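Student: A predicted structure for the sequence below; I have some questions about it.
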Amino acid sequence: MAENNVQVLIEGFDPSKVEAVNNFDKDWKEVYGAHQNNSIIQAPIVGIEKLLDKPCAVVSVGNIRGYIPMEFTGAANLRHLRAMTGQSVAFKVLNYDREAEVFTGSRTAALDHMAAITLRKIEVGDEIIAVVRSVSPSLVRADIGGIEVKIPLEEIRYGWIDDLTEEVKQGDHLKVKVLEINKEEKTVTVSAKALQDNPWLRSIGRYTSGNEYVGTVSGVREYGVFINLEAGVDSLARHLKFQNVKKGDRVLVRVLETDAQKEQIRARITRVL
């Protein structure tokens, strides 16, 4: 028999409350389905709570709360777990309590499942997507499907990078090339730079010894000043004797030496613009 949706006027009727009930049932269907089929779902970590004196990541599947015990989060420590809050994580549902309206999950089980699929499918030379999970000034940690890859600063792009946190953000999707796969250790080496055209091949002949060019200071270190001449091409100059420059300053530099093989340009700042 077909469901009879009778439209009547009810005093105090709030359609949003009916929708909330429907959504609640929908959320539980997702949890049930994941448990029954041993499948993976994703949800954000919305908090950290202690159960039996052990920290657990709290995830939210719609209106339902789930708990992932510390040992099943994949986090090395509480600090690492805190860094994961606010991010969407993958997990498998281990069990649930419908009356208490909670479930427990395992991120490590999901990652193992995902990693096995990834290792079967990818090959050296493939172009894949890496989702950034965390960024430090010199290193990006990203996920390629259950496997964490570490992308050092020099493998992000050509040219000097002063601070990776200014260029890459958590959640960014990077196109990377697979350079190496170790199936026994479940490790993969990737590079975003490997998919980019090398700007030095077209530009090294433009900057010749004795000539002067305008550039922008891209970084200042104790051993010298980096000046960006064009996208992906930076020169290194000594500090000025009587004046300091800062990142973003426009300067005129005289090229002292170019090394196409090492992709290096040595220069001297002749004027701050």
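Tutor: Structure's in. What do you need?
Student: Now do the strands in the stretch 51-200 of the chain.
Tutor: 54-61, 64-69, 88-97, 102-106, 127-135, 139-143, 148-152, 173-182, 187-191 (DSSP state E, counting those that start in this stretch).
Student: Just put those in TSV and tack on mean pLDDT, mean neighbour count and distance to residue 163.
Tutor: From N, CA and C alone the C-beta is placed, and that goes for glycine too. Formatted as TSV, the strands of the stretch 51-200 of the chain follow (pLDDT from 0 to 100; neighbours: other C-beta atoms under 10 Å; distance: least, C-beta to C-beta, whole Å):
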stretch	mean pLDDT	mean neighbour count	distance to residue 163
strand 54-61	94	20	29
strand 64-69	95	20	32
strand 88-97	94	18	26
strand 102-106	95	21	36
strand 127-135	94	17	10
strand 139-143	95	20	11
strand 148-152	96	17	14
strand 173-182	96	16	17
strand 187-191	96	20	19
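Student: Quick one, which of those gets closest to residue 235.
Tutor: Closest approach to residue 235 among the strands of the stretch 51-200 of the chain (C-beta to C-beta): strand 148-152, 21.9 Å.
Student: Tell me which other helices or strands that closest one touches.
Tutor: Packing contacts for strand 148-152, counted by 3 or more C-beta pairs under 8 Å, 6 or more residues apart in numbering; DSSP states H and E, involve strand 127-135, strand 139-143, strand 173-182, strand 187-191.
Student: what residues does that strand touch?
Tutor: For strand 148-152, contacts defined as C-beta atoms under 8 Å, 6 or more residues apart in numbering pick out 130, 133, 138-143, 174, 176, 188-192.
Student: How about stretch 88-105?
Tutor: Contacts for stretch 88-105 (C-beta under 8 Å, 6+ apart): 28, 31-32, 34-35, 38-45, 57, 59, 61, 64-69, 72-73, 106-107, 109-111, 113-114, 146.
Student: That one: end-to-end distance?
Tutor: 14 Å (C-alpha to C-alpha, to the nearest Å).
Student: For residue 234, which of the strands of the stretch 51-200 of the chain is the nearest?
Tutor: Here strand 148-152 is closest among the strands of the stretch 51-200 of the chain (C-beta to C-beta), at 17.1 Å.
Student: and the angle from that closest one to strand 127-135?
Tutor: 80 degrees (axes from the mean of the first three to the mean of the last three C-alpha atoms, to 10 degrees).
Student: Can you check what angle separates strand 148-152 from strand 187-191?
Tutor: Using the same axes, to 10 degrees: strand 148-152 against strand 187-191 is 40 degrees.
Student: tilt between strand 148-152 and strand 173-182?
Tutor: Using the same axes, to 10 degrees: strand 148-152 against strand 173-182 is 110 degrees.
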